Structure formats: C-alpha cells, structure tokens
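Enquirer: fold the following and give me the result.
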Amino acid sequence: MKNPILHWALRLIPAIILLQTLFFKFSANEESVYIFSTLGIEPWGRIFSGVVELIAAILIIIPSATALGALTAAGVMSGALLSHFFVLGIEVKGDGGLLFVLALVTLICSAILIWLNKSQLVKLPLIGGWFERK
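Expert: I've put the predicted structure just below:
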C-alpha cells in the first residue's frame, strides 16, 4: 500500500477493537455472559472466541501476518454479525447497537486488509495451494 499511515490505521482499528473486548470476555462481564448464554455456548464459547480474537489481533499487528489475522478476525466477526442478525438483535441489553457496529467496523477493516495483503495468503502452504494453477 502506498500510504503507510492508512495501512497502519486499517490494522490498528480492528486490533484495538478486538483487544478491548477481551477484558469483558475474560472477566465474565454480565453483558458478555448474557450474549453467550443466549447463544447457548457460555462459558466455553466466550472464552474460545476471546482466545481467537486475541490471536487475530496479534497477527493483524504483525506486518507479515496481517492477512492471516484479518482472515481470522473476519471469520469471528462474521459469526458475531450473524448472531446479531438471527439471535441477539442489533441492540443488546440497551447498548444502542454499539457491539454490532464494532463488529461491522472490524469486519470491514479486515476485508480491506485481506484484499490489500492477499499476496501473504498465497504464500501460506495450506491456503496458497488453493490458489495455485496446475
């Protein structure tokens, strides 16, 4: 990318969003427990998603692993958004839709990062093999 400041912003925004939610997941915050209880996956779903989000945030920050982190974050946020659409609703416990918007922003930034760094994915042995022409 020609603009390094924009590229860093696209990396920091989802990483910060992912990292700031970890406190709520790992401390069993009331809202977080409510969400995962409603989904029927409390406590293991909450803890597992927190671990995956932590890994995604770290990978997004590492320049050579940004695409893999963004792909991981996009997967988690897709699940979060589907949960909002079909189970939780846009607004959860009076948050005004904040969690929904944060998930959407993270997904959009991750999608842009995947596109901008797609060459990193082609170099990965497991993923890259899917893109090779024979």
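Enquirer: what's the biggest helix in this protein, counting residues?
Expert: helix 4-26 (DSSP state H).
Enquirer: distance between that one and the chain's centre?
Expert: Between the centre of helix 4-26 and the centre of its chain there are 9 Å (Cα atoms, centre = their mean, to the nearest Å).
Enquirer: buried residues in that helix?
Expert: 7, 10, 11, 13, 14, 15, 17, 18, 19, 21, 24, 25 (16 or more other Cβ atoms under 10 Å). From N, CA and C alone the C-beta is placed, and that goes for glycine too.
Enquirer: nearest to residue 99 among these?
Expert: Taking Cβ to Cβ as the measure, residue 99 sits nearest to residue 21 out of the buried residues of helix 4-26, at 8.3 Å.
Enquirer: separation between the closest residue in space to that closest one that isn't next to it in sequence and residue 102?
Expert: Taking Cβ to Cβ, 6 or more residues apart in numbering, and ignoring the residues beside it in sequence, residue 21 has residue 53 as its nearest neighbour in space, at 6.6 Å. For residue 53, the distance to residue 102 equals 11 Å [Cβ to Cβ, to the nearest Å].
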